[in-house]
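In: Have a look; sequence and predicted model below, questions after that.
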Amino acid sequence: MAASAGGTQTPADEVPVPAGEAQALEPGSDSRAGGLSFCTKVCYGIGGVPNQVASSATAFYLQLFLLDVAQIPAAQVSLVLFGGKVSGAAADPVAGFLINRSRRTGSGRLMPWVLGCTPFIAVAYFFSWFLPPFTSLRGLWYMTFYCLFQALATFLQVPYTALTMLLTPSAKERDSATAYRITMEMAGTLMGAAVHGLIVSGAHSPRKCEDADLELPGPVTISPGAACLYSVAAIAVAVTYPVCIGFLHLGVKERPDPSAEASSQGMGFLAGLGLTVRHPPYLKLVISFLFISAAVQVEQSYLVLFCTHASRLHDHIQSLVLTILVSAVLSTPLWEWVLQRFGKRMSAFGICVMVPFAILLAIVPTAPVAYVVALVSGVSIAVSLLLPWSMLPDVVDDFQQQHPHGPGMETIFYSSYVFFTKLSGAGALGISTLSLEFAGYEAGACKQTEQVVVTLKVLIGAVPTCMILTGLCILMVSPTPKVPSQDTSRRLSLRRRTSYSLA
């Protein structure tokens, strides 16, 4: 997957490489072509694993945990999920601002933020799954720690993803590094759902309801063992943070920007944000994936609840989740080839493959149909995750070509994209969970009412379908930014003013 050099420059076209940059390219890369070694790409990909492990566990199981183990009302669950996503979204511009104000250290500008957030994220994640001894303030407890976890995860994710632009000036190598990152993140997503799901599988056995002969709606007392299982699963996920970030720190060297000193008087963060959102390719990219990412989040969040309360698929939950994630992991390298061979716009049609199957699952919720839907959904989810992060560097380069003497905007582009997608996810999950409250969902009940069943079918089928089709329509009419040549990309890198001192 490594990229080759972009051709030989004539003496008139040669751009002198500053000594600082030439030295920065030495670890694991070719200083002439900007190539990245296999080890560097793998270590960079490993750095994205812990956030995806935690996100996978929370996406599939947090809602079920809050409703059926913590047994807080659906309205409070809606506030917890909405508040967590909003806090993560609000942390994006704050993270960008603070990174802008920070100075470069021996580890770079971005790496210290990643390292500093790691222990606090692990602690906040654990307490997001811990069952406190009191019951009256549980909603506030989970609101506090889940919001803290989402905010800290943002402070790690923003500098980590922005690090893509400082690995190499080569657009093809950035795409390759992005593919490694997405592949490792998908593996982390698989690991998170598998490890967490296997540990807590005994907490939601349908036989408990059958043994108690509870066929009418009503709360069920959860044994202390269920809470203990969730705590053990939380510890297993939290440990991945220090381990994976350690690999990132050891294997990846941040490439310094030789123009950092000259950009110390750059424009303010809000002014830069206003400039980026007025860039048409970026604006339409963000709007389209607002709908697509929200659809994926809704699909993930309600799959387990749908299998538990709206179908007879209790015994298949773990297998279905793993089928989705294995399919996504295995299809990611294929989609990377499709992106290179047929272009990113054509690859976007792979997202809509899951649409008819999602509707079919809501209509015919049987095990064979569910496994087919899980397989196809994994393929679509893979391209929905890979595509925006492959298009975003092209949008940044397109912007820099139009503003060759302006400051670099990498952090603002990346942080604002994460901000908007999290905000859309917050609204989608908050409103959809609130709809369960209106439908009469009863926390901890073995059997829900018919209204709840119908609501879950709509949330698993019609809602993601409408959002995916809307996002694809917007993406198809948006202009495609031109990928700069190797020489142009190198010049942009040399002229780029660092975006981490915009304040």
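Out: Perfect, thanks for sending it.

In: can you pull out the strands in the chain?
Out: Taking DSSP state E to define them, one finds strands in the chain at 29-30, 35-36.

In: Among the ones you listed, show the one with the smallest mean pLDDT.
Out: Confidence, taken as mean pLDDT, is least for strand 29-30 of the strands of the chain (a mean of 41).

In: contacting residues for residue 392?
Out: Contacts for residue 392 (C-beta atoms under 8 Å, 6 or more residues apart in numbering) come out as 285, 413-414, 417. In short, each C-beta sits where N, CA and C put it, glycine included.

In: ok, so of these, who is nearest residue 375?
Out: residue 285 (28.0 Å; C-beta to C-beta).

In: State the distance from the closest one to residue 182.
Out: Residue 285 is 17 Å from residue 182, where distance means C-beta to C-beta, to the nearest Å.

In: likewise residue 384?
Out: Look at residue 384 and residue 182: by C-beta to C-beta, they are 11 Å apart.

In: any common contacting residues for these two?
Out: With C-beta under 8 Å, 6+ apart, residue 384 and residue 182 have no common neighbours.

In: before we move on, the earlier item: and the contacts of residue 392 as a markdown table, adding distance to residue 38?
Out: Output for those, formatted as a markdown table (distance: C-beta to C-beta, whole Å):
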| residue | distance to residue 38 |
| --- | --- |
| 285 | 30 |
| 413 | 27 |
| 414 | 24 |
| 417 | 28 |
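
In: Could you work out the most separated pair of those residues?
Out: Across these (C-beta to C-beta), the longest gap, 12.2 Å, separates 285 and 414.

In: My guess is residue 198 contacts residue 319. True?
Out: No: between residue 198 and residue 319 there is no contact under C-beta atoms under 8 Å: 11.1 Å.

In: Now that residue 426 has come up, it's in contact with residue 86, right?
Out: Yes: the pair residue 426 / residue 86 is scored as a contact, 4.8 Å apart, by C-beta under 8 Å.

In: The two - which one has more neighbours?
Out: residue 426 (23 against 19; other C-beta atoms under 10 Å).

In: Next one: the nearest residue to that one once chain neighbours are set aside relative to residue 202, how far apart?
Out: Leaving aside its chain neighbours, residue 426 sits nearest to residue 85 (3.1 Å; criterion: C-beta to C-beta, 6 or more residues apart in numbering). Using C-beta to C-beta, residue 85 is found at 29 Å from residue 202.

In: Quick one: neighbours of residue 78, just the number.
Out: Residue 78: 21 neighbours (other C-beta under 10 Å).

In: Could you number the chain from 51 rather than 1 from now on?
Out: Okay, using 51 as the starting number, the last item reads as residue 128.

In: Contact partners for residue 426?
Out: Counting by C-beta under 8 Å, 6+ apart, residue 426 has contacts 377, 403-404, 407.

In: How about it: what's its closest non-neighbour residue?
Out: residue 407 (4.8 Å).

In: Then residue 211?
Out: residue 464 (5.0 Å).

In: list the buried ones in the longest helix along the chain?
Out: Counting by DSSP state H, the longest helix found in the chain is helix 417-452. Neighbour counts using 16 or more other C-beta atoms under 10 Å place 419-421, 423-450 of helix 417-452 among the buried residues.

In: now stretch 486-506
Out: 486-487, 489, 491-496, 498, 502-503, 505-506.

In: Just give me the closest of those residues to residue 412.
Out: residue 506 (8.5 Å).

In: Would you confirm that the closest one contacts residue 360?
Out: Yes: when contacts are counted by C-beta under 8 Å, residue 506 is listed as touching residue 360 (4.1 Å).

In: how close does the residue nearest the centre of the chain get to residue 212?
Out: Central residue of the chain (C-alpha atoms, centre = their mean): residue 102, 6.6 Å from the mean position. Remark: distance between residue 102 and residue 212 (C-beta to C-beta) = 17 Å.

In: same thing with residue 224?
Out: 12 Å.

In: Buried only: go through the contacts of residue 426 for me.
Out: Looks like those have 377, 404, 407 buried, using 16+ other C-beta under 10 Å.

In: What distance do you get for the first one to residue 464?
Out: It stands for residue 377. In terms of C-beta to C-beta, residue 377 sits 27 Å off from residue 464.

In: What does the pLDDT read for the closest residue to residue 217 other than its chain neighbours?
Out: Nearest residue to residue 217 in three dimensions, chain neighbours excluded: residue 227, at 5.6 Å (C-beta to C-beta, 6+ apart). We have a pLDDT of 82 for residue 227.

In: And for residue 290?
Out: On the pLDDT scale, residue 290 gets 93.

In: Could you give the number of residues near it?
Out: 22.

In: ok, the residue nearest to it when sequence neighbours are not counted - contacts?
Out: Nearest non-adjacent residue to residue 290, counting by C-beta to C-beta, 6+ apart: residue 100, 4.3 Å away. By C-beta under 8 Å, 6+ apart, the contact set of residue 100 is 171, 238, 287, 290-291, 293-295.

In: so where do the helices sit in the stretch 51-200 of the chain?
Out: Residue ranges of the helices in the stretch 51-200 of the chain, as given by DSSP state H, counting those that start in this stretch, are 69-74, 88-96, 99-107, 113-114, 124-151, 161-178, 188-212.

In: Indicate which one of the ones you listed is closest to residue 514.
Out: helix 113-114 (15.6 Å).

In: thinking again about what came up before, and the residue nearest to residue 476, what is it in contact with?
Out: Shown in contact with residue 135 (C-beta under 8 Å, 6+ apart): 200, 472-473, 475-476, 479-480.

In: Give me the local confidence score for the closest residue to residue 410 other than its chain neighbours.
Out: Nearest non-adjacent residue to residue 410, counting by C-beta to C-beta, 6+ apart: residue 419, 5.9 Å away. The model reports residue 419 with a pLDDT of 89.

In: Next one: residue 419 from residue 194, what distance?
Out: Distance from residue 419 to residue 194, by C-beta to C-beta: 40 Å.
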